[in-house]
Structures are given as structure tokens and as C-alpha cells.
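Visitor: Pasting the sequence and the predicted coordinates here, then a few questions.
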Amino acid sequence: MRKFLSAAVTALALSSVSGLAGAGLLGHTVTCAGGGTSPFYGLACSQASAVVGSGVEFNLGQGLAIDFDDTGFLFTSSTIVAGLGPHFQFEDLTQAFAAVQVTVVTPSVPPNVPPFNVVDGILGFPPIDILYSGSWRGDITLSAPVPSVPEPGALALVALAAGAGGLSVRRRRV
């Protein structure tokens with residue numbers, strides 16, 4: 001019985017000390033800032049921040065939208081947008097972006113790929129003269145997660161489990 005109790009307390013203590021966070025974006029809070037420089041287009045983020053989950057997180061105006069998922073985003077443009085110099089920045093408040101690789105999903109005519117980049121953990125869509133209609137997939141690499149620091153209560157539980165295990169071993173020897 002003591003072995004079982006000692007093992008149960010140890011397992012509970014170790015499970016309360018959380019490990020590294022998951023590698024996906026689901027549940028992360030992403031912010032959006034920026035817009036267009038032309039007064040003729042109403043380009044702006046539909047909201048300042050969103051939690052990545054189901055549905056489109058940000059409508060950017062003029063048929064532009066960005067929908068984040070677990071491994072990246074889908075960027076769509078349903079119209080040709082010219083001469084507006086759109087510029088948007090997206091930041092993951094949970095874990096910084098490290099890199100992005102953009103591929104074509106629905107080709108535009110003529111073909112172009114939006115110049116997404118990652119600088120200092122922020123996903124950027126720098127100004128561009130013309131954006132044709134199409135859709136693009138951006139696969140995002142997240143920065144290495146910072147190991148979580150256990151709470152003092154969890155450390156106390158680990159110490160209690162170690163002490164209980166040592167006590168049961170000592171009593172068995174006597």
C-alpha cells in the first residue's frame with residue numbers, strides 16, 4: 001500500500017510540473033496592426049487581436065483576409081488591390097514567430113507572392129504596389145519555447161513526494 005501511495009504522490013507531483021508548450025498556434029493570441037496608405041481604400045485590421053481557432057481571425061478590407069491555423073495562415077485576396085502600399089504586422093503574444101515560408105494555393109494572374117517576412121518575432125506584410133487576387137499559404141515556424149518555471153506549490157509537492165518515498169524506503173529497511 002505504501003509503495004502505491006508513494007508512486008501516486010510522485011506521479012501527481014511530476015505531472016503538475018508542466019513541460020514545454022505545444023508547437024502549434026491554436027489558442028495563441030495574435031495581434032494585428034497596420035493598414036493602407038491610400039485614402040481610397042479602407043485597409044485596416046478588423047480587430048486588434050484574436051485567439052487562433054476556428055474562422056478568419058482578421059479581415060483587412062478590400063477583400064483581404066488572413067486566417068491563422070495550427071501551423072500557419074491562409075492569406076486571401078479576392079480583388080486586385082493597387083497603389084495602396086498595404087502594410088500589416090502580426091505578433092503572437094504567446095510565442096514569437098521565427099520564420100515563414102509562403103507558397104501559392106490559388107495562383108494569381110499574373111502570378112505574384114506577397115512578401116511576408118519575420119523580423120524580431122513579428123510577421124510582416126511590407127508595402128507592395130499591386131496585389132492580384134489569389135490565395136497563399138504561409139507555414140510559420142515558432143521560436144523555441146521558453147521552458148516553464150514550476151510554481152512553488154508544485155516544487156513543494158515534488159519535495160513531499162521525494163520525502164514520502166524516502167520515508168517508505170527507510171521504514172522498509174528497519
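Guide: Looks like it arrived, so ask away. Numbering: from 1, shown residues only.

Visitor: What part of this protein, helix or strand, is modelled with the least confidence?
Guide: Taking mean pLDDT, DSSP states H and E as the measure, the chain has helix 2-16 as its least confident helix or strand, at a mean of 44.

Visitor: Now the element after that one, going C-ward?
Guide: strand 29-35 (DSSP states H and E).

Visitor: Quick check: next helix or strand after that following strand?
Guide: Counting by DSSP H and E, what follows strand 29-35 is strand 49-51.

Visitor: Enumerate the positions of that next one that are buried.
Guide: Along strand 49-51, these residues count as buried under the neighbour rule (16 or more other CB atoms under 10 Å): Ala50. To be clear about C-beta, it is placed using only N, CA and C from the backbone, and glycine gets the same treatment.

Visitor: Please apply the same query to stretch 87-96.
Guide: Under 16+ other CB under 10 Å, the buried positions of stretch 87-96 are His87, Phe88, Phe90, Glu91, Asp92, Gln95, Ala96.

Visitor: next one: stretch 69-87
Guide: Asp69, Gly72, Phe73, Leu74, Phe75, Thr76, Ser77, Val81, Leu84, Pro86, His87.

Visitor: need the helices for the chain, in chain order.
Guide: 2-16, 152-173 (DSSP state H).

Visitor: returning to that earlier point: hmm, which of the buried residues of stretch 69-87 is lowest in pLDDT?
Guide: Checking pLDDT across the buried residues of stretch 69-87, the minimum falls on Leu84 at 58.
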